[in-house]
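Colleague: next input, structure requested:
(one chain, ligands or ions: 1)
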Amino acid sequence: MNKKRKVRTAVIGCGVISELHLRCFAHNEQAEVVAVCDLIPERAEKAARERAPGARWTTKAEDIFADQAIDAVSICTDHASHAALACAALDAGKHVLCEKCLAVNASDLRKMLAAAKAHPELVAAGVFQHRFEPLPRILRSLIAEGAFGRLLTATGSLHTYRSDDYFKNDAWRGTKKGEGGSILINQSIHYFDLLLWIAGGADKARAFYANLGHQGVIETEDTISVALRMRDGAVGSFVATNAGIDQWENVLSFQGTKGRVEIRNDKLASLKMGDPADERRVSARIEKALAAAEKQFAKGRDYYGTGHQAQIDDYVKAILTKGRPYVTFADAAESASMVFAAYASAARG
Ligand SMILES: NC(=O)c1ccc[n+]([C@@H]2O[C@H](COP(=O)([O-])OP(=O)(O)OC[C@H]3O[C@@H](n4cnc5c(N)ncnc54)[C@H](O)[C@@H]3O)[C@@H](O)[C@H]2O)c1
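Modeller: Sure thing, here's the model as predicted:
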């Protein structure tokens, strides 16, 4: 690909999240959206007209894959279609950014990882936009450095609400085949991922799930509890539901032998260290990281979706520099694998 020209991108799937992808690509001066695609023609046409003027639209992803002028794709479709689209895109020589959850099950995930491995010349990135936010990043570094001592517990939760209509309006939602699950693989996957990523990963999961508020509407879980064994020996737990009364309440908490820290609704909620000098040092590191990010995103950016903007900028940069994206398929697959492990455990009881 000629380094001087922009990354010519197509967005596949023109539903809810595509608008944000299209907006972020429009903000990136080194990329341009040249095509959009959706099985539903009205959606593809509308996306081109409203969000990517000049881009062509199609209902067939194969048209995108066959177009030699397209360098990269962004996959914004339902979970079950990710694997086939991503593998076909990579085999056609396109870089791929795929929305979460990478795959609908472990077997599809393996296919995607194999396709990415078979094409090391292409960028294969998985969306986990919260990994680009400054607070999770600095906490991950601090925990890895041992600033909180030995990690003991990593706990998280998301309490949210999704109406029956939310599930009924799109056929893939709330189905094992189309969505793969519900609260864990979809709404709460961001916090599940952050919990694992900040703590340095997990290698075992045991889970219980239930459908407590959407009986007769979805076949998947709306409520889940996952017990985790973290890689470094700490224990973890994650609880989530989309049948409650809260719009979006999230908590992540990490306790080590030297101190503890809590994120509540994406912001630092508390920091307590056994040694006051440690507390001043850790607090200063966090403040510095937040201030640096504030400066970076302060001008000319829409605050809605700074994580997506940062991830799309990172994706474009990785393509242009032939570099590694911050979240590769393999990175995103770690959390996807733990989602599948939790589901397998819950299914077995
Ligand atoms: N990162 C985030 O914060 C975030 C937020 C919302 C959704 N998502 C993810 O984005 C993806 C899409 O979610 P959504 O809410 O936009 O779904 P949606 O149902 O609103 O849109 C999906 C679109 O994909 C189209 N589609 C399906 N298969 C296709 C194919 N083979 N070719 C072309 N078009 C196809 C559908 O017609 C639909 O218009 C999911 O993976 C979801 O988990 C991520």
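Colleague: C-alpha only now, for contacts and for neighbours.
Modeller: Noted.
Colleague: what does the domain assignment say about this structure?
Modeller: The chain breaks down by automatic domain parsing into domains covering 7-129, 132-299+329-348.
Colleague: wait, does the longest one make contact with the ligand?
Modeller: In other words, domain 132-299+329-348. Yes - Domain 132-299+329-348 is in contact with the ligand by C-alpha under 6 Å from any ligand atom, via 170, 186.
Colleague: for the residue of the stretch 151-300 of the chain found nearest the ligand, helix, strand, or coil?
Modeller: Of all residues in the stretch 151-300 of the chain, Asn186 sits closest to the ligand, at 5.3 Å by C-alpha to the nearest ligand atom. Secondary structure, DSSP: H, G, I helix; E, B strand; the rest coil: Asn186 is coil.
Colleague: next one: phi and psi at Glu38?
Modeller: Small correction: residue 38 is Asp, not Glu. The phi/psi pair for Asp38 (degrees, to the nearest 10) reads phi -150, psi 150.
Colleague: that one: neighbour count?
Modeller: Here the number of neighbours of Asp38 (other C-alpha atoms under 10 Å) works out to 22.
Colleague: pick out the residue closest to the middle of the protein.
Modeller: The centroid of the chain falls nearest to Phe128 when counting by C-alpha atoms, centre = their mean (2.4 Å).
Colleague: next one: phi and psi at that one?
Modeller: Reported as degrees, to the nearest 10, the phi and psi values for Phe128 are phi -140, psi 80.
Colleague: need the domains of the chain in CSV (columns: mean pLDDT and distance to Gly307).
Modeller: Converted to CSV, these look like this (pLDDT from 0 to 100; distance: least, C-alpha to C-alpha, whole Å):
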stretch, mean pLDDT, distance to Gly307
domain 7-129, 97, 5
domain 132-299+329-348, 96, 5
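Colleague: okay if I get the ones you listed as CSV plus distance to Val316?
Modeller: Formatted as CSV, the domains of the chain follow (distance: least, C-alpha to C-alpha, whole Å):
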stretch, distance to Val316
domain 7-129, 7
domain 132-299+329-348, 15
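Colleague: most packed of those domains?
Modeller: domain 7-129 (a mean of 21; mean count of other C-alpha atoms under 10 Å).
Colleague: that one close to the ligand?
Modeller: Yes - on the criterion C-alpha under 6 Å from any ligand atom, domain 7-129 is in touch with the ligand at 12-18, 37-40, 61, 76-79, 81, 99-101.
Colleague: grab the nearest non-local neighbour of the residue of the stretch 151-300 of the chain closest to the ligand.
Modeller: Cys101 (6.9 Å; C-alpha to C-alpha, 6 or more residues apart in numbering).
Colleague: same check on Ser335?
Modeller: Asp193 (5.5 Å).
Colleague: ok, residues contacting the helix or strand harbouring the one you found?
Modeller: For Asp193, the enclosing helix or strand under DSSP states H and E is helix 189-199. Residues outside helix 189-199 that contact it (C-alpha atoms under 8 Å, 6 or more residues apart in numbering): 101, 128, 130-131, 136-137, 139-141, 143-144, 151, 154-158, 183-184, 202, 230, 238, 250, 252, 254, 335.
Colleague: now swap in stretch 270-289 and tell me
Modeller: Outside stretch 270-289, the residues touching it (C-alpha under 8 Å, 6+ apart) are 134-135, 138-139, 142, 147-148, 258-263.
Colleague: okay, the residues you listed in TSV with secondary structure next?
Modeller: Below are those laid out as TSV (three-state DSSP):
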residue	secondary structure
Pro134	helix
Leu135	helix
Ile138	helix
Leu139	helix
Leu142	helix
Ala147	coil
Phe148	coil
Lys258	coil
Gly259	strand
Arg260	strand
Val261	strand
Glu262	strand
Ile263	strand
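Colleague: gap between whichever strand or helix holds Val36 and the chain center?
Modeller: In the assignment (DSSP H and E), Val36 maps to strand 31-37. Strand 31-37 sits 21 Å away from the centroid of its parent chain (C-alpha atoms, centre = their mean, to the nearest Å).
Colleague: for stretch 260-268, same thing?
Modeller: On the basis of C-alpha atoms, centre = their mean, stretch 260-268 sits 19 Å off its chain's mean C-alpha point.
Colleague: same deal with stretch 226-236?
Modeller: Using C-alpha atoms, centre = their mean, the offset of stretch 226-236 from its chain centre is 21 Å.
Colleague: phi, psi for the closest residue in space to His119 that isn't next to it in sequence please.
Modeller: Spatial nearest neighbour of His119, chain neighbours left out: Leu90 (6.9 Å); criterion: C-alpha to C-alpha, 6+ apart. Per-residue torsions, Leu90: phi -60, psi -40 (degrees, to the nearest 10).
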